[in-house]
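>>> Have a look at this prediction, sequence included:
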Amino acid sequence: MILVHVDHDRGAVDAVSLQALTLARCLDSDVQAVIMGGAEFAPELGEYGASIVHVAEHPGLTDYAPQATARAIVGLINSLAPTAVLGAGTARGNEVLAHVAAMTDLPFAADCTEITLGSPVRVTRARWGGNLLEESTVITTTLFATVFAHAIPAVQSPAAGAVSAFTPELSPADLAVVIIERAGAASAGVTLAEAKVVVSGGRGMGGPESFSLLEDLAGLLGGTVGCSRVVTSAGWRPHAEQVGQTGTKIAPDLYIACGISGATQHLAGCKNSKTLIAINTDPDAPIMQIADYAIVGDVHAVLPQVIALTRAATGA
């Protein structure tokens, strides 16, 4: 049996957790999920192959609490004895599984793109943000691994999704790290991680005022705005919009990179885009080499034309 830790946040299941469920089904026909609260998500998890959804119910698990979550999972592992425990290859998913591994004194393989169970277990891991694939063997009695974001598309395969509630035994130390407050305005509209269209800007935009062009184009295409790390470092846009290894890894249908040279860290975040269009004055910029369509030119001259043509095509 494979146990999958499913993360959720503010009313939505993490998309990478659904990808982990999909990979789990490739390893074993018996796939079960564990989630902290969130019994209402059981039907959705059943659609992605979870025969049983183990719901941890505890007053300390009303929001993200990494060590407490790990302790709950360890308790479930002791009773279920799964062959493997998978999770999402996200900052939160990796943190939780790292705690689980530490508590059980077993190895942990993060950001896997392929897994072959056996003795030993063989995994392929994404390193350097996916720019390098590492093949490794893992000597362990129970595999703990996370699935690299967007390496495997989430595919439905309906199962029962039956709810099995349990109350984990948590100590005050387990609850030492919890979210007690969220500051800042809530995001509106489609989020960067789930957007089908992302229009991003880099240093080549020249300043924060030029991002109004990206907002106009993103609005016409039903997408959202992203940016490179240098833009957030300069304070032009918030970190929540950063695409890259230290930002958000995305897999939109269309990614338009405007004035972005394409540092390795940025490419790690957008390499899974289905179609990538790059606009840059430098024809030899790294991002131009991997783009499906490359436009050599100044974004301030090109974007107004693209916006005008898009308005005409959409009738907006």
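Alright, I've got the coordinates. Here the structure is a predicted model, which is why all the values come from computation and not from measurement.

>>> residues of the helix or strand A68 falls within that come out buried?
Take DSSP states H and E as the rule and A68 turns out to sit in helix 66-80. For helix 66-80, the buried set under the neighbour-count rule, 16 or more other C-beta atoms under 10 Å, comprises P66, Q67, A68, T69, A70, R71, A72, I73, V74, G75, L76, I77. The C-beta positions use only the backbone N, C-alpha and C, and glycine is treated the same way.

>>> ok, which stretches of the stretch 51-200 of the chain are helices?
Here the stretch 51-200 of the chain has its helices, by DSSP state H, counting those that start in this stretch, at 66-80, 91-104.

>>> which residues of the protein score low on pLDDT?
For the chain, the stretches flagged by pLDDT under 70 are 184-189.

>>> switch the cut-off to 80
Applying pLDDT under 80 to the chain flags the ranges 129-131, 183-190, 316.

>>> Domain parsing of it, as residue ranges.
The record assigns the chain these domain ranges, following automatic domain parsing: 2-175, 197-314.

>>> Where is the longest strand in this protein?
Under DSSP state E, the strand in the chain containing the largest number of residues is strand 108-116.

>>> what angle do it and helix 91-104 make?
Interaxial angle, strand 108-116 versus helix 91-104 (axes from the mean of the first three to the mean of the last three C-alpha atoms, to 10 degrees): 100 degrees.

>>> Can I get strand 108-116 in PDB? Just the C-alpha atoms.
What follows is strand 108-116, C-alpha atoms only, in PDB (Å, rounded to 0.1, in the frame of the first residue of the first chain):
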ATOM      1  CA  PHE A 108      14.200  10.700   2.400                       C
ATOM      2  CA  ALA A 109      14.300  11.300  -1.400                       C
ATOM      3  CA  ALA A 110      13.000  14.700  -2.400                       C
ATOM      4  CA  ASP A 111      11.700  15.900  -5.800                       C
ATOM      5  CA  CYS A 112      11.500  12.500  -7.600                       C
ATOM      6  CA  THR A 113      10.400  12.200 -11.200                       C
ATOM      7  CA  GLU A 114      10.500   8.400 -11.300                       C
ATOM      8  CA  ILE A 115      10.300   5.700  -8.600                       C
ATOM      9  CA  THR A 116      10.900   2.000  -8.900                       C
END
